[in-house]
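J.: attaching a predicted model along with its sequence, questions to come.
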Amino acid sequence: MELFIFARFHARDGQDGAVAAALREVVGPTREEPGCLAIGAYRSTRDARLFCIHSRWTDEAAFEAHAGLAHTVRFLERVRPLIDHPLEVTRARPIG
């Protein structure tokens with residue numbers, strides 16, 4: 001069953017450029033993964049320090065495989081010190 005991922009990243013003061021760069025770098029390789037149906041990174045229009053990733057995966061196993069790949073691990077190591085909160089990732093399915 002298809003899985004949707006929502007991830008939120010609120011940059012520390014002065015780190016929004018670094019968060020944006022990290023997101024740009026991880027989206028390309030992730031898009032090429034076999035289980036990734038779609039992925040995009042977004043910046044809030046009301047808070048320049050707030051970023052989100054929305055992605056769609058063929059199933060939970062595909063997302064789990066993604067989590068262990070080198071580019072994903074590097075991204076998480078890079079972005080964690082740049083955000084002002086614990087990492088927030090929501091796994092979801094449509095309600096309708």
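T.: Thanks, I have the structure now.
J.: can you give me the buried ones in the lengthiest helix in the chain?
T.: Selection of the longest helix in the chain by residue count, based on DSSP state H, yields helix 16-31. Judged by neighbour count (16 or more other Cβ atoms under 10 Å), helix 16-31 contains these buried residues: 16, 19-20, 22-23, 26-27, 29-30. The way it works is simple: take the backbone N, C-alpha and C, and place the C-beta from them, glycine included.
J.: ok, now stretch 34-45?
T.: Across stretch 34-45, burial judged by 16+ other Cβ under 10 Å covers 35-36, 39, 41, 43.
J.: quick one: the strands in the chain?
T.: 3-10, 36-43, 50-57, 88-92 (DSSP state E).
J.: would you format those strands as TSV with distance to Thr72 and mean pLDDT included?
T.: Below are those laid out as TSV (distance: least, Cβ to Cβ, whole Å; pLDDT from 0 to 100):
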stretch	distance to Thr72	mean pLDDT
strand 3-10	11	98
strand 36-43	11	98
strand 50-57	11	98
strand 88-92	11	97
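J.: for Ala67, which of these is the nearest?
T.: Of all those, strand 88-92 sits nearest to Ala67, with 9.2 Å by Cβ to Cβ.
J.: can you redo the strands of the chain as JSON lines with distance to His66?
T.: Below are the strands of the chain laid out as JSON lines (distance: least, Cβ to Cβ, whole Å):
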{"stretch": "strand 3-10", "distance to His66": "9"}
{"stretch": "strand 36-43", "distance to His66": "7"}
{"stretch": "strand 50-57", "distance to His66": "7"}
{"stretch": "strand 88-92", "distance to His66": "11"}
